[in-house]
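Engineer: Okay, predicted coordinates and the sequence, questions at the end:
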Amino acid sequence: MSRLEVRDLVVGYDAADVLRSVSLDVPDGSLLAIVGPSGCGKTTLLRTIAGLVRARAGEIRIGTRMVTTHGIHLAPEKRRIGWVPQDAALFPHLTVAENIAFGLPSARGSAKSARRAATRDDVQRLLALVGLGALGDRLPAQLSGGQAQRVALARALASAPDVVLLDEPFGALDPILRADLRGSVRELLREAGVTGILVTHDQAEALSIADLVGVMRGGELLQLDTPEQVYRRPATPWVAGFVGDAVFLPGTWHGDEVACALGRLPADWVPDDAATASPLEAPVDGASVAVLVRPEELALSPLAADAEAQAVGGPAAVVTGVSYTGHDAMLTVVAGDLRLEARVTAAGLLPVGTRVAVRVTGRVLAYPARA
């Protein structure tokens with residue numbers, strides 16, 4: 001296993017910087033998921049770590065080896081890195097076992113050598129590891145999409161890499177297969193003891209399988225933390241909205257509370273560019289803030305026709321829309337000019353037209369108000 005360290009990495013094409021002072025630290029055997037919109041630099045970061053792109057500045061260290069720094073650019077084949085692309089990229093004329101053997105150092109990237117090595121014990125072990133022990137003689141055209149990606153992962157592991165880079169490897173799969181395979185890949189990497197970096201557009205995927213999540217935007221790494229911290233303590237309002245559904249309300253700060261349309265709520269202050277909420281540098285009382293509430297933090301209590309919302313707690317509202325997903329549902333509720341999205345369990349589903357009191361559970365986050 002090898003720790004991966006990136007320090008102040010700058011990468012650009014022509015006069016434009018694609019990565020701007022990116023730093024990250026991935027412990028031995030951990031899986032880091034990088035999320036962000038298209039064009040934010042995710043794949044460029046992977047390609048730079050792999051040695052396929054030269055950095056303008058910064059350092060990359062794998063274990064104890066410095067592979068990128070000023071005056072040093074170790075060739076890709078010497079970095080001990082495995083690569084799993086989105087489309088698997090298997091050789092159509094080689095069998096499953098031969099495709100895996102192609103990744104062995106002894107095969108030297110030769111189809112002829114791969115054919116000779118296909119029956120070796122280490123190839124059979126990798127076939128068993130990815131659950132394809134009976135499919136070694138098949139050609140790629142005879143595989144499903146999920147099976148092909150397992151072969152690509154086995155080929156990447158064949159070289160005994162220190163780090164495996166996965167560039168949206170599940171993007172072309174159907175949702176059910178995608179969910180099944182991503183869990184299997186996480187277990188395979190853990191069993192192999194390999195440090196991994198996964199690039200994905202799927203925030204739920206990143207939160208569900210990664211040890212660490214990095215959120216990128218415009219070539220910058222805005223936050224790097226555990227999945228729980230990224231979701232529950234997003235560093236900026238943009239991160240909050242990108243990694244999950246978010247409700248933002250204007251409010252005013254009062255000590256460790258905020259006053260907003262949903263009442264006076266206990267709050268944590270998140271200063272500009274802070275990775276986690278902090279009571280330090282909190283604004284003065286009465287200052288304008290942006291209040292973050294997650295839809296699952298909104299509790300809805302049905303009201304009788306003549307009941308007052310204040311008796312239950314929170315303002316009165318009406319359910320105006322239902323988006324049902326099976327295990328839960330998103331309810332649209334309107335209170336005057338205020339429109340909110342509340343997530344409820346299937347058992348808590350309420351029909352359109354239901355009068356409800358809206359209450360916030362737990363503490364909210366407060367961010368500097370944007371002009």
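Structural biologist: In hand now; what should we look at? Numbers count the residues shown, from 1 in each chain.
Engineer: quick one: low-confidence ranges for the stretch 151-300 of the chain?
Structural biologist: 172, 272-280 (pLDDT under 70).
Engineer: Would you state the strands of it in chain order?
Structural biologist: 163-167, 195-199, 212-217, 220-225, 247-254, 257-260, 263-269, 288-293, 298-302 (DSSP state E, counting those that start in this stretch).
Engineer: Name the residues of the fifth one that are buried.
Structural biologist: By 16 or more other CB atoms under 10 Å, the buried positions in strand 247-254 come out as 247-249, 251-254. Placement of C-beta: from N, CA and C, glycine included.
Engineer: repeat for the fourth one
Structural biologist: Of all the residues in strand 220-225, those buried under the rule 16+ other CB under 10 Å are 221-225.
Engineer: Nearest to Gly196 among the residues you listed?
Structural biologist: Leu224 (15.0 Å; CB to CB).
Engineer: list the contacts for that closest one?
Structural biologist: 24-25, 32, 212-215, 275 (CB atoms under 8 Å, 6 or more residues apart in numbering).
Engineer: Give me the spatial nearest neighbour of the residue most central in space within the chain, chain neighbours excluded.
Structural biologist: Central residue of the chain (CA atoms, centre = their mean): Ala206, 2.8 Å from the mean position. In this structure, Ala206 finds its nearest non-sequential neighbour in Ala33, 3.6 Å apart by CB to CB, 6 or more residues apart in numbering.
Engineer: what about that neighbour, which SS state?
Structural biologist: Using DSSP: H, G, I helix; E, B strand; the rest coil, the secondary structure recorded for Ala33 is strand.
Engineer: I figured Gly171 hits Leu198, correct?
Structural biologist: No. Between Gly171 and Leu198 there is no contact under CB atoms under 8 Å: 11.2 Å.
Engineer: where's Ala160 relative to Asp174, distance?
Structural biologist: Ala160 is 32 Å from Asp174, where distance means CB to CB, to the nearest Å.
Engineer: Over to Asp167?
Structural biologist: 19 Å.
Engineer: again with Gln147
Structural biologist: Gln147 is 13 Å from Asp174, by CB to CB.
Engineer: And Ala290, by the same measure?
Structural biologist: 38 Å.
Engineer: Of the two, which one has the most company?
Structural biologist: Ala290 (19 against 10; other CB atoms under 10 Å).
Engineer: Name whatever forms a beta bridge with the more buried one.
Structural biologist: Per DSSP bridges, the residues bridged to Ala290 are Pro250, Tyr367.
Engineer: Can you point out the buried residues in the longest helix along the chain?
Structural biologist: In the chain, taking DSSP state H as the definition, the longest helix is helix 175-192. Within helix 175-192, the residues scored as buried using 16+ other CB under 10 Å are 177-179, 181-182, 184-186, 188-189, 192.
Engineer: nearest to Ala141, of the residues you listed?
Structural biologist: Leu177 (17.8 Å).
Engineer: since we're on Ala282, how many residues are nearby?
Structural biologist: Ala282: 18 neighbours (other CB under 10 Å).
Engineer: Ramachandran coordinates for it?
Structural biologist: phi -70, psi 150 (degrees, to the nearest 10).
Engineer: for Arg54, same thing?
Structural biologist: Dihedral angles (degrees, to the nearest 10) for Arg54: phi -80, psi 140.
Engineer: Go ahead and confirm Ser23 touches Val6.
Structural biologist: Yes. Here Ser23 lies in contact with Val6, judged by CB under 8 Å, at a distance of 5.8 Å.
Engineer: who's the closest residue to Phe242 other than its chain neighbours bridged to?
Structural biologist: Leaving aside its sequence neighbours, Phe242 sits nearest to Val215 (CB to CB, 6+ apart; 6.4 Å). Counting by DSSP bridges, Val215 is bridged to Val35, Gln223.
Engineer: Report the contact partners of Val215.
Structural biologist: Contacts of Val215 by CB under 8 Å, 6+ apart are 35-36, 221-224, 230, 235, 239, 242-243.
Engineer: Could you export these to TSV, including columns for distance to Gly71?
Structural biologist: Below are those laid out as TSV (distance: CB to CB, whole Å):
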residue	distance to Gly71
Val35	33
Gly36	30
Leu221	25
Leu222	30
Gln223	31
Leu224	27
Val230	35
Ala235	34
Val239	35
Phe242	37
Val243	38
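Engineer: and which of those residues is nearest to Asn99?
Structural biologist: For the contacts of Val215, the minimum distance to Asn99 (CB to CB) is 29.3 Å, reached by Val35.
Engineer: The closest one: neighbour count?
Structural biologist: Counted with other CB under 10 Å, residues neighbouring Val35 total 26.
Engineer: Likewise for Lys78?
Structural biologist: Around Lys78 there are 10 residues (other CB under 10 Å).
Engineer: show me what contacts it?
Structural biologist: For Lys78, the contacting residues are 51, 67, by CB under 8 Å, 6+ apart.
Engineer: how near is it to Ala50?
Structural biologist: As defined by CB to CB, Lys78 lies at a distance of 11 Å from Ala50.
Engineer: Ok, Asp28 next?
Structural biologist: 19 Å.
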